[in-house]
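# Quick one: sequence plus predicted model below, questions after.
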Amino acid sequence: MFRAAVFERVLALCAVLGFSPLASSSRAAAAAAAAPDAHTSAAVHAAPAPHALIKEDLEAFFDGIIPLQLERSDVAGATVLVMHGSETLLQKGYGFSDLKNKQAVDPESTMFRLASISKLFTWTAAMQLVEQGKLELDADINRYLDFAILGDKPITLRNLMTHTTGFEEAARDILITDPKKYLDLREFLVQNQPHRLFAPGTVPGYSNYAVGLRSYIVQRVSGERFEDYVAAHVFAPLGMTHSTFYQPPPKGLQDLPSQGYPSNTHDPAIGFELFSPAGAGGISSTAADMGRFGQMLLNGGELNGQRILKPESLAEMWKPQFRANDQLPPIGLGFYQAWRNDLKWIGHQGDLVAFHSLFFAEPQQQLVLFISYNSAGSARKTRPELLNAFSDRYFPSELKQPFIAGAASGLHDIEGTYQSTRRADSTILKLFALFGQAHAKLDKEGVLRIDGSKDLRGHPFGWKPIGPDLWQQLDHQDKLFAIRAADGRIERLAGSFAPAQLQRVPWYDRDKFVFAMLGACVLIGISVLFNLLLRLARRYVLRATQPIAPSGRIALSTLPKATIVYWLLLLSSVTVFFSRFDDDSLPPSSSWDKVFLAGDGLFAIAVVLSAFVVLSAVRIWLRPTLSKISQIKFTLVALACVYFSWCAIHWHLITPIHRF
């Protein structure tokens, strides 16, 4: 989970599926897409006949696809629920919750870790307090807190629920397995308050910290611990007897959670993952309990005579609150939408290291779809594969491809390098964004390609224009919207995943430029090291009498050579250190503080030495007795040390140890 190349790559490519607040451009693009003219070539692919949504067909479908997924992705087990109206069509467990003891998954009693699906319960709890007049959606959240949220502009509860707070990404202490190190909610929020990337309400950037604030507000205003409030006001009325936010679960439930497994299930279980803040990802629940929650949503906030939310509150939560374009799925108050065929699923997904889950309702068709897997191997294909296959089998629709015929002007404006709006710029997580940048480029046929954006078969997606700044996938349904700045330049891309976008990267931060510069600097360092080793070999192995350096130059040359070799050793050590972390690794916690402190010291030494290298290079140019080639060599070494130093500071290898 903490492999750098994967951590931000996933976030960046998810952000290809985001949206933005440019309403006027949205309406123009939507109108152009809805009414093709003479310049538009609309292709329509007929829909296949739907299968009957009945128990027998549904069970045959899941019995075919789930075991195949478990085998292919090396997943120990899964729990599944499908509801249509008030009828449960499928509630079933597949595989094992405990491989060592061969304990099968029971959809009634086996509790799975649902991660960010927790947010739906946090928003539900908050809306209950809004109904009671104890909270206001558009009030400054500092009104409800006993510590200050820093920043010039106030953040509202609505900002929290739409992921438009502008907060940076934060990973410190978010996921651990040692209960002794689990922080109190307030303590976690105070210690890990992130800086802001954007003004509130302007750009979406998915934030677990924002949800944590909301859960603390629920706790403060209600006077009950958050875990107890949800248990009393949501779980108990709905009869969700096998659900809890306590981590690990309390007595009576402590033996029910499924084990969580790494990507190789032959390895030992990961252990119970404790998520902070709990309101953003701490829930443990069963398929049966999630069915009760889903039925309450489809019933307009009520189940079996127990009203959890007023119909108008639920309608407000599901109403589009923030989007870039009418052709893109919006985010409501906490719930985001996923569109497939004519279905408009609304809900959330969730990810820990081992557990990967999906919960969606479809109000028009009165559907609930829930699935959770208990192994890291399920992180990639399983959920989109299942959602798409279910939607295509039972609710197929025509595929319309209203592409603009011929070449259109201004299409090349979209080309460039982008990074996720869910990132950090003031901590070491900025470095991970470097490895997750996406590149948009038009091919010879005018098809837009975004590297790393691929379908379930591994084929790269292609996009073609269907309106001003609006693109659609070839042979697929998703759309992409290009957001322009006031000067007309495309600054962000938005698509089907509402809580994030892609933002254009400034030239000096583009990965190709940075890696080219680093490569050149490393090559200079290797040349110096090779030359130094060659001279030492001649002196001490071949016993040559020629001095290692001409007289009078040794003092000036020693420091630059030693410094750039030090940089090589330091950067190589960091590369090796981070290469040991893969998708099964937990993100960094406060236990890493000593590691980061040591790193800060080592990099600070390198930066100070580099400053002296620059002074040495200046002195060398002031010595006319030295040859021009020698002066150029030392200048190149100095420039390499300067760029290494800039990278260490700019990419936060010298990092604030208490924030990451």
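Thanks, I have it.
# and residue 97, how far is that from residue 384?
Computed as C-beta to C-beta, to the nearest Å, the residue 97 to residue 384 distance reads 24 Å. (Each C-beta comes from the backbone N, C-alpha and C, glycine too.)
# Could you check which of these two has the larger neighbour count?
A direct count of neighbours by other C-beta atoms under 10 Å for residue 97 and residue 384 places residue 97 higher, at 25 against 15.
# and that one, what does it touch?
The contact partners of residue 97, by C-beta atoms under 8 Å, 6 or more residues apart in numbering, come to 76-77, 103-106, 110, 258-259, 374.
# Do you know the pLDDT at the closest residue to residue 293 other than its chain neighbours?
Closest residue in space to residue 293, ignoring its immediate chain neighbours: residue 238 at 6.2 Å, by C-beta to C-beta, 6 or more residues apart in numbering. For residue 238, the pLDDT comes out at 98.
# Weed out the non-buried ones from the contacts of residue 97.
Buried residues within these, counting neighbours by 16 or more other C-beta atoms under 10 Å: 76-77, 105-106, 110, 258-259, 374.
# Turn those residues into TSV, including pLDDT and secondary structure.
Shown next, in TSV, are these (pLDDT from 0 to 100; DSSP: H, G, I helix; E, B strand; the rest coil):
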residue	pLDDT	secondary structure
76	98	coil
77	98	strand
105	98	coil
106	98	coil
110	98	coil
258	98	coil
259	98	coil
374	98	coil
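# picking up where we left off before, can I get the contacts of residue 97 in TSV including distance to residue 583?
Converted to TSV, the contacts of residue 97 look like this (distance: C-beta to C-beta, whole Å):
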residue	distance to residue 583
76	16
77	19
103	25
104	26
105	23
106	28
110	24
258	19
259	18
374	15
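# nearest to residue 365, of these?
For the contacts of residue 97, the residue nearest residue 365 by C-beta to C-beta is residue 105; the value is 26.9 Å.
# I figured that closest one hits residue 94, correct?
Yes - using C-beta atoms under 8 Å, residue 105 is in contact with residue 94, at 6.2 Å.
# Could you tell me which residues touch both of the two?
77-79.
# Contacts for stretch 423-430 next, please.
Here stretch 423-430 has contacts from 8, 11, 168-171, 194-195, 197, 205, 432-433, 436, 596, 651-653, 655-656, 659-660, using C-beta under 8 Å, 6+ apart.
# can we see that at 6 Å?
168-169, 195, 433, 651-652, 655, 659-660 (C-beta atoms under 6 Å, 6 or more residues apart in numbering).
# Write a PyMOL command that selects only the buried members of the residues you listed.
Selection of buried members from those for PyMOL, criterion 16+ other C-beta under 10 Å:
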select buried, resi 168+169+433+651+652+655+659+660
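# In CSV: the contacts of stretch 423-430, plus pLDDT and secondary structure.
Output for the contacts of stretch 423-430, formatted as CSV (pLDDT from 0 to 100; three-state DSSP):
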residue, pLDDT, secondary structure
168, 96, coil
169, 96, coil
195, 95, coil
433, 91, helix
651, 95, coil
652, 93, coil
655, 86, coil
659, 81, coil
660, 79, coil
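# Just the closest of the contacts of stretch 423-430 to residue 525, please.
Nearest to residue 525, judged by C-beta to C-beta, of the contacts of stretch 423-430 is residue 651 at 17.8 Å.
# List the contacts of residue 505.
417, 419.
# Distance of it relative to residue 491?
Plainly put, residue 505 is 11 Å away from residue 491 if you go by C-beta to C-beta.
# now do residue 312
Counting by C-beta to C-beta, the gap from residue 312 to residue 491 is 37 Å.
# next one: residue 573
Separation of residue 573 from residue 491 (C-beta to C-beta) stands at 37 Å.
# how many neighbours does the residue nearest to residue 293 have?
Using other C-beta under 10 Å, residue 238 has 20 neighbouring residues.
# thought it was touching residue 291?
No - using C-beta atoms under 6 Å, residue 238 is not in contact with residue 291, being 10.0 Å away.
# give me phi/psi at the residue nearest to residue 293?
Per-residue torsions, residue 238: phi -90, psi 0 (degrees, to the nearest 10).
# Please name the residues that touch it.
292, 296, 303.
# one more time with 7 Å
Residue 238 makes contact with 292-293, 296, 303, 306, 308, according to C-beta atoms under 7 Å, 6 or more residues apart in numbering.
# how many other residues sit next to the closest residue in space to residue 586 that isn't next to it in sequence?
Excluding its sequence neighbours, the residue lying closest to residue 586 (C-beta to C-beta, 6+ apart) is residue 175, at 5.4 Å. Residues lying near residue 175 (other C-beta under 10 Å) number 20.
# Could you measure from residue 175 over to residue 276?
On the measure of C-beta to C-beta, residue 175 and residue 276 end up 8 Å apart.
# again with residue 436
Per C-beta to C-beta, residue 436 is found 23 Å from residue 276.
# Residue 474 now?
Residue 474 sits 42 Å away from residue 276, taking C-beta to C-beta as the criterion.
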